[in-house]
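Chemist: sequence first, predicted model second:
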2 protein chains.
Amino acid sequence: MASQPSDQHAHPKSDIDIAQAATMPPIMEVAKDKLGIEATDLEPYGHYKAKLSLDYIEALNGRPDGKLILVTAITPTPAGEGKTTTTVGLGDALNRVGKKAMMCLREPSLGPCFGMKGGAAGGGYAQVVPMEDINLHFTGDFHAIGAANNLLAALIDNHVYWRQNDETGLDNRRITWRRAVDMNDRSLRQITTSLGGVANGAPREAGFDITVASEVMAILCLAKDLKDLERRLGNVIIGLTRDRKPVLAKEINAQGAMTALLKDAMKPNLVQTLEGNPAFVHGGPFANIAHGCNTLIATKTALKLADYVVTEAGFGADLGAEKFFDIKCRKGGLKPDAAVLVATIRALKMHGGVAKDDLTTENLDALEKGCVNLERHVRNLKRFGVKVVVGINRFSADTPAEMDLVRKKCASLGVTAVESDHWAQGGAGAEELARKVVEAAESGDSNFKPLYGDDTSLWNKVQTIATELYGASEIIADKKVRGQIRDLEADYGHFPVCIAKTQYSFSTDPDYKGAPTGHVVPIREVRLSAGAEFLVVVCGDIMTMPGLPRVPSANAIHVDGKGRVAGLF
Amino acid sequence: MASQPSDQHAHPKSDIDIAQAATMPPIMEVAKDKLGIEATDLEPYGHYKAKLSLDYIEALNGRPDGKLILVTAITPTPAGEGKTTTTVGLGDALNRVGKKAMMCLREPSLGPCFGMKGGAAGGGYAQVVPMEDINLHFTGDFHAIGAANNLLAALIDNHVYWRQNDETGLDNRRITWRRAVDMNDRSLRQITTSLGGVANGAPREAGFDITVASEVMAILCLAKDLKDLERRLGNVIIGLTRDRKPVLAKEINAQGAMTALLKDAMKPNLVQTLEGNPAFVHGGPFANIAHGCNTLIATKTALKLADYVVTEAGFGADLGAEKFFDIKCRKGGLKPDAAVLVATIRALKMHGGVAKDDLTTENLDALEKGCVNLERHVRNLKRFGVKVVVGINRFSADTPAEMDLVRKKCASLGVTAVESDHWAQGGAGAEELARKVVEAAESGDSNFKPLYGDDTSLWNKVQTIATELYGASEIIADKKVRGQIRDLEADYGHFPVCIAKTQYSFSTDPDYKGAPTGHVVPIREVRLSAGAEFLVVVCGDIMTMPGLPRVPSANAIHVDGKGRVAGLF
């Protein structure tokens, strides 16, 4: 179960039960009936998943774009918000209120499936299906990304093994490219490779990240087409020379074979919701060291195919929406028409200081206090020039007085707050939300602009985000990091920045709930993603390889007597 | 290019050019027209690949079996033999002479694609297509196997991390399960994991094998159904306790989630030959530390669907055919009806001492001398009670006198030798071979029996193979290994043995060509594959993780302007 704790709901059924009980029309029918796409333009993966051909996508070029709606959320708490379910529920509801709508979601990672998080394809009656396929392997995109990542790693070590680095100058001690695997495996975070003698190379320190943290993932998600993909892969920095000049993947001629491995992964994956509406589920970069949203190619294609495209961004709006706007929209030429800020009464109460066990009791004081978090996010979203609708994802313990308070708070900010109950009711539970979103999107009031200009210095980009969105008083960095940022300015100063910090607070301290101000944002380190074309600014402990919990979900996952996956939540 | 050096042929076109120039009917049509399978029983992967549903396979149970033909080869030399092309050519030819025939082949590994070997889907006009898809990712089976392998690895280290090995007794220093990646990456052969402090676990020595060397691969290829797969995965030995008792995967409850990852990989992949005949390409275990042939489920299913099933085994007949017979046929209840022993005049001359550069000159003395290798293989194959046909894969420099000599040699052994030219002519070039194979298979003379009984001791199983097939005088092992074999006898004495030795000689010395006798086979080590249910007997340096060459094929592989893979040979 991805984003909504099921104990708040009366459903006797788990997400996988609901998903497996659904009768799906074949995806070719959905494509034809809802989008007018012929079977020949799709590559089926089983009967319920398909990839859209790149030729077809190219041929869409002349068509006008639909409206783009971003679903984002308040600062996450253990109470849960329900961003993915809202995205799916809103998409279904838009179809119900007469709009031709599509959803664009991220692909789930295998790792967390076997760890703690479980599946990530929505929940309750707001899911994309086939749920178990989407969560396990899906159409193989992540495996392809892992293979491309690891081909580059093998080519790098092979380059050194044959002493071809006499030519490129790559310093074996300064190789920065890491390997990737789509698994939660803490043992691989830091390793020593090439042990066992000369035939295995020269020992060096290395490590694995989970596939979603690979720069190849970020690149795939931002590439316009196969040519742009190959160009970006060629620009990946694999390490440094002795005098610390970057060595690129194209210097060892890796980008062609990597692109060959990724040619199918570039094609958007079409699936459907439980209500039979079309959704692209494509790409899934980390939302800390990368930009955290589905592929640009899926979003751009959906805009050609539908009147409304609902998409989500990772974590809270401070990270997810900011990167969606400042990285994806800026670079992809997207103009979002509205943003839905998802919140729950429960989560707002947690921001107001209530403990997780006390969330079922009405507490207007705490709620009022916690609303500062929502207010900050609303103000931030408005900075980007987009209309905001607040979506309150309903839980059974919410009281009318609590909802009323949130509604009034939002009204005072000039935005509408709408309750929705898609988790329990599917699209029918989000129709009012859909109507308000249509109103916002069709008001013509949105006038999207990124937060900072390309020509702002890298340092000032970070400062702008930290002071204007996070409420920080300043950003700091030690001399070494400041020097690095200054050195990068000449060649990469036009890149957007991608801030990696905790998702649990506007500040860099995860315990600092609500809407902190006056705090200091320390930049610990910067990492240049020269292929993805952004500068990662690390402001906290960032884990790029999760571990498994004491009792991993894997313990319960199995295939039942009918050959179906069971125990996946 | 897999198995035939193209410089011996006049084709101006590379394998991928030939493959991409072919107009393929959709695989659903092939399935319907050639096998009577409806689209609903298949899961398409694009328009030219499909997986057959396990329900459909189960429903075939009552049908009679077709004839099973094994394609194997003389001891490989750098001159090439052409086992895969013969398998494809013979299958196409059987269809031409009026038999309903299918082929069963192994899936290629990604690793060698980017290394030296290139693609492995046949060659010339005897190929399975779509060639580039089959070589890159295909239907994702190998990625699924790698993920299942690495999930187990992550669960093992997690088990130790949380100190749950206080219960199982697993000794962190005696973990034997390795990780897997489908890449040639020598740097990962021997590594140290869990560095970097307590949060990453306790450092230990570990390593990666290429995915085809994973025991999960061998298990998938021998499992009868999903239930048998889960049972076998549960029996995998992950390491030992302090007092050296095996700890099994089921003790950490890994088998269910591993099976969930493999549920689609268990379904045979249907593709077609250039002539539009159906072929299963499914599974691909190493032929040294595993048994080297495609999945049992594909072979058994093909026997229900076709009158003739042509399949191949890895390396020469001493390894590939022996394991096909003694492991796969014994355990799967298969009764092969004939074996085709593939040879080339060129390779036989190399066995007679001719250097690679001199192979284009007629040399009857060397050929006569080299024929001892072919003779030994023919005699060996007959030991299993199957009729043998010798297939001489034609090269342009072969002379009539040379062919005549081979034909006479074979006649003196009581077998027919047939020239074929499927590489250049497709099935039309192998029609005579097909007719002779039909004659052999329908003679009723085959009466398959494994070389040794289940109840022969493990030591004697190895001795029987070494003395009766390899021509060795004896097998030897040091005290420790003898002790291990003796200890395994009680619980695993009924397992077949799987000998891992060089493929380049009947002996354990790769330079010893022809048909050596009187040599000694030293057993260096034994490894119990308790899930695959055989004992690996290591008699030489066995590499389970290849490296990349100085100039890897990856350098040339790319996507062309039309979005097609180019540079893959």
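Modeler: Sure, I can see it.
Chemist: so the closest residue to chain B within the stretch 151-300 of chain A is in which element?
Modeler: Per C-beta to the nearest C-beta, A:G256 is where the stretch 151-300 of chain A lies closest to chain B, at 3.0 Å. Placement of C-beta: from N, CA and C, glycine included. In the assignment (DSSP states H and E), A:G256 maps to helix A:255-262.
Chemist: for A:C221, which non-adjacent residue is closest in space?
Modeler: Ranked by C-beta to C-beta, 6 or more residues apart in numbering or on different chains and with sequence neighbours excluded, the top spatial neighbour of A:C221 is A:G283, at 4.1 Å.
Chemist: and the pLDDT at the one you found?
Modeler: The predicted local confidence for A:G283 comes out at a pLDDT of 98.
Chemist: surely it and A:N294 touch.
Modeler: Yes. The pair formed by A:G283 and A:N294 meets the contact definition of C-beta atoms under 8 Å, at 5.0 Å.
Chemist: could you pull out the residues contacting both of the two?
Modeler: When C-beta atoms under 8 Å, 6 or more residues apart in numbering or on different chains defines a contact, the residues bordering A:G283 and A:N294 alike are A:106-107, A:221.
Chemist: follow-up on the earlier one: the helix holding A:G256: what's the following helix or strand?
Modeler: Scanning the chain past helix A:255-262 towards its C-terminal end, the next helix or strand to appear is strand A:269-273 (assignment: DSSP H and E).
Chemist: before we move on, the earlier item: who has more neighbours, A:G283 and A:N294?
Modeler: Neighbours were tallied for A:G283 and for A:N294 using other C-beta atoms under 10 Å in any protein chain shown; the higher tally belongs to A:G283 (31 against 28).
Chemist: and the more buried one, which of the three is it?
Modeler: In terms of secondary structure, A:G283 is coil; the call rests on DSSP: H, G, I helix; E, B strand; the rest coil.
Chemist: what's near enough to touch it?
Modeler: A:G283 makes contact with A:106-107, A:141, A:217, A:220-221, A:293-295, A:298 under the criterion C-beta under 8 Å, 6+ apart.
Chemist: which residues are in contact with the closest residue to A:A154 other than its chain neighbours?
Modeler: In space, not counting the residues next to it along the chain, A:A154 is nearest to B:D185; the distance is 4.0 Å by C-beta to C-beta, 6+ apart. B:D185 sits next to A:150, A:153-154, A:157, B:111, B:208, B:545, B:547-548 when contact means C-beta under 8 Å, 6+ apart.
Chemist: and B:D185, how close does it get to B:Y512?
Modeler: Between B:D185 and B:Y512 the distance is 31 Å, computed by C-beta to C-beta, to the nearest Å.
Chemist: spell out which residues of the stretch 1-150 of chain A are next to chain B.
Modeler: Where the stretch 1-150 of chain A comes near chain B, counting by C-beta under 8 Å from any C-beta of the partner chain, the residues are A:43-47, A:51, A:54-55, A:110, A:114, A:132, A:136-137, A:140, A:143-144, A:146-147, A:150.
Chemist: sort out which of those are buried, if you could.
Modeler: By neighbour count, with 16 or more other C-beta atoms under 10 Å in any protein chain shown, the residues of the stretch 1-150 of chain A next to chain B hold A:43-47, A:51, A:54, A:110, A:114, A:132, A:136-137, A:140, A:143-144, A:146-147, A:150 as buried.
Chemist: right, and the pair among the contacts of A:G283 with maximum separation?
Modeler: A:D141 and A:C293 (14.9 Å; C-beta to C-beta).
Chemist: all strands for the stretch 351-500 of chain A, in order.
Modeler: Along the stretch 351-500 of chain A, the stretches classed as strands by DSSP state E, counting those that start in this stretch are A:387-393, A:416-420, A:474-477, A:497-500.
Chemist: in its sheet, what does the helix or strand following the last one sit against?
Modeler: It stands for strand A:497-500. Past strand A:497-500, further along toward the C-terminus, the next helix or strand under DSSP H and E is strand A:520-523. According to DSSP bridges, the neighbouring strands of strand A:520-523, each with its direction, are strand A:474-477 (parallel).
Chemist: now do the buried residues in the partner strand.
Modeler: By neighbour count on 16+ other C-beta under 10 Å, the buried set for strand A:474-477 is A:475, A:477.
Chemist: what does it rub up against?
Modeler: Judged by C-beta under 8 Å, 6+ apart, the contacts made with strand A:474-477 from elsewhere in the structure are A:459, A:462-463, A:466-467, A:485, A:520-524.
Chemist: buried ones among these?
Modeler: For the contacts of strand A:474-477, a neighbour count by 16+ other C-beta under 10 Å gives the buried set as A:459, A:462-463, A:466, A:485, A:521-524.
Chemist: in this structure A:D421 contacts A:G429, no?
Modeler: Yes. With contact defined as C-beta under 8 Å, A:D421 reaches A:G429; the gap is 3.5 Å.
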